[in-house]
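**Q** show me how the following folds:
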Amino acid sequence: MKNYTLLFLLSLLFACSPAEPEPDNTPNLRTLSATESSLVNSSNEFAFKLFSQTQSNESNYFLSPLSIGIALGMTLNGAEAETKQGILNTIQFGNLTDAEVNKGYADLMSLLTGMDRKVNMSLANSVWYRNTLSVKPAFKSIIESNYKGTVQSLDFTSPAAKNTINDWIEDKTNSKIKDVIQEIDPDLVMFLINAIYFKGDWTYQFDKSKTKDDNFYLEGGAVVATPMMQVAKTAVTTYMHEKFNLINIPFGNKQFEFTVLLPNNQFNTNDVVSELQTTSFNEWIGQAQDATIELRMPKFTMRWSKILNDDLSAMGMEQAFTPGTAEFPNFFENPMNLNIGFVDHHAFLEVNETGAEAAAVTVVGVVTTSIPVQPPVISINKPFIFLIREKHSGTILFMGQLKDPSILVK
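**A** Predicted coordinates:
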């Protein structure tokens, strides 16, 4: 690791920069509204907190906080009272209204997908609900107008239903994520789904002929061989922190970047995560300087999935998962006891000499719950007729009436 760090520092001294790409792909750098800026900061804070929350038991993992946030943003519109506030607090939007979240996501999705015409960046949303129920028009309108989502009824009892949803997910993730829905439980009444797909070429690509196995040093001292890509001179931006080096590697017209946080020798990834918060991260990015370096980085593919119920509950939205306590009155016309059954996240990433391809899907499953109720009180306190009968045949064996218990034979 010492040799790699020394190589990294020395390479910053390279004087000449690689050739710039042709300026034929100007990004749309419009000013963000105050709501958008607030939403982005909150979304990033959610990303750091969720990353820290899920990191403890993971070695390699990859997720899309944006996908999770958008899926929960859609779900927010079905909630009320403390359940709604718990979701807002969890995704770090506690100071925003649900209307501001919806508008902010609408503007942000439009901005992101139109930022670089040479980067394939897409966001898709859908809601699927049990066809025996009626979705509230106001909820349907929000999903269609703010999230550009489809809202569609489906016969959940049909074996083909899960295939319909899985086909949509596969299509929107360019076949990178498949077979997410294994079965549709009888209690499930709605799926709220976000799919995100990204494919970008490096602004300055690696030389495929230079890729070869090299040492990768694990925390704890072990060494493993891994395919390592190389480029002799590439333009990046860098920031030196006490605990790590930050390197921004650009895609396309440089609006999308692959940011690496590389721990310094005496620190590890846990030390880096402990420093992550929105204000600090914005400062690091703002202080990053242009540099021309020789770059070596692993070539790898990763798949990761997890049910996020426990993580999101620990972050503040436990009530949304709790039967009998969750409040979701705004999904359906039909009054029901609803709660979130699961938040299922799947992610894919491939990094190679050409660029990076990533996809993720977040599925929020809403279930109806049979809440135990107290039986009604029935007082047999006035004259009544009674029968003794055989149930199967319907034969009445005895029949009677009680009008005055006081004169009964003692």
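**Q** check which residues of the helix of greatest length in the chain are buried.
**A** Longest helix in the chain, counting residues (DSSP state H): helix 34-55. Of all the residues in helix 34-55, those buried under the rule 16 or more other CB atoms under 10 Å are 35-36, 38-40, 42-50, 52, 54. No exception for glycine: its C-beta is placed from N, CA and C like everyone else's.
**Q** one more: stretch 160-167?
**A** For stretch 160-167, by 16+ other CB under 10 Å, it's 161-162, 165-166.
**Q** between those residues, which sits nearest residue 132?
**A** The shortest approach to residue 132 among the buried residues of stretch 160-167 belongs to residue 161, at 12.6 Å (CB to CB).
**Q** that closest one contacts residue 183, doesn't it?
**A** No: the criterion here is CB atoms under 8 Å, and residue 161 misses it with residue 183 at 9.8 Å.
**Q** on that earlier part again, and the longest helix of the chain, what's its mean pLDDT?
**A** The average pLDDT within helix 34-55 is 84.
**Q** list the helices and strands it packs on?
**A** helix 65-76, helix 98-113, helix 269-273, helix 278-287, helix 309-312 (3 or more CB pairs under 8 Å, 6 or more residues apart in numbering; DSSP states H and E).
**Q** deepest of the ones you listed, which one?
**A** By mean neighbour count, with neighbours taken as mean count of other CB atoms under 10 Å, helix 65-76 ranks first of the helices and strands packed on helix 34-55 at a mean of 25.
**Q** picking up where we left off before, which neighbours do residue 161 and residue 183 have in common?
**A** Here residue 161 and residue 183 have no joint contacts, going by CB atoms under 8 Å, 6 or more residues apart in numbering.
**Q** which residues sit against the longest helix of the chain?
**A** So helix 34-55 is contacted by 32, 61, 63, 65-66, 68-69, 90-93, 95-96, 100-101, 103-105, 107-108, 111, 269-270, 273-274, 276-278, 281-282, 306, 308, 311-312, 314-315 (CB under 8 Å, 6+ apart).
**Q** stretch 305-316 too?
**A** Contacts for stretch 305-316 (CB under 8 Å, 6+ apart): 49-50, 53-54, 61, 63, 68, 72, 86, 89-90, 320-321, 340, 342-347.
**Q** same check on stretch 207-227?
**A** 1, 228-232, 268-269, 296, 298-300, 353.
**Q** thinking again about what came up before, dump the buried residues of stretch 160-167 into CSV; add pLDDT and distance to residue 363 as well.
**A** Listed next are those as CSV, based on pLDDT from 0 to 100; distance: CB to CB, whole Å:
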residue, pLDDT, distance to residue 363
161, 95, 14
162, 95, 11
165, 97, 8
166, 97, 10
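**Q** which of those residues fall in helices?
**A** Those of the buried residues of stretch 160-167 lying in helices (DSSP H): 161-162, 165-166.
**Q** what are the pairing partners of the helix or strand containing residue 302, and which direction each?
**A** Using DSSP states H and E, the element containing residue 302 is strand 300-307. The pairing partners recorded for strand 300-307 under DSSP bridges are strand 338-351 (antiparallel).
**Q** and the strand it pairs with, how far from the chain's centre?
**A** On the basis of CA atoms, centre = their mean, to the nearest Å, strand 338-351 sits 6 Å off its chain's mean C-alpha point.
**Q** that's all I had, so thanks and see you.
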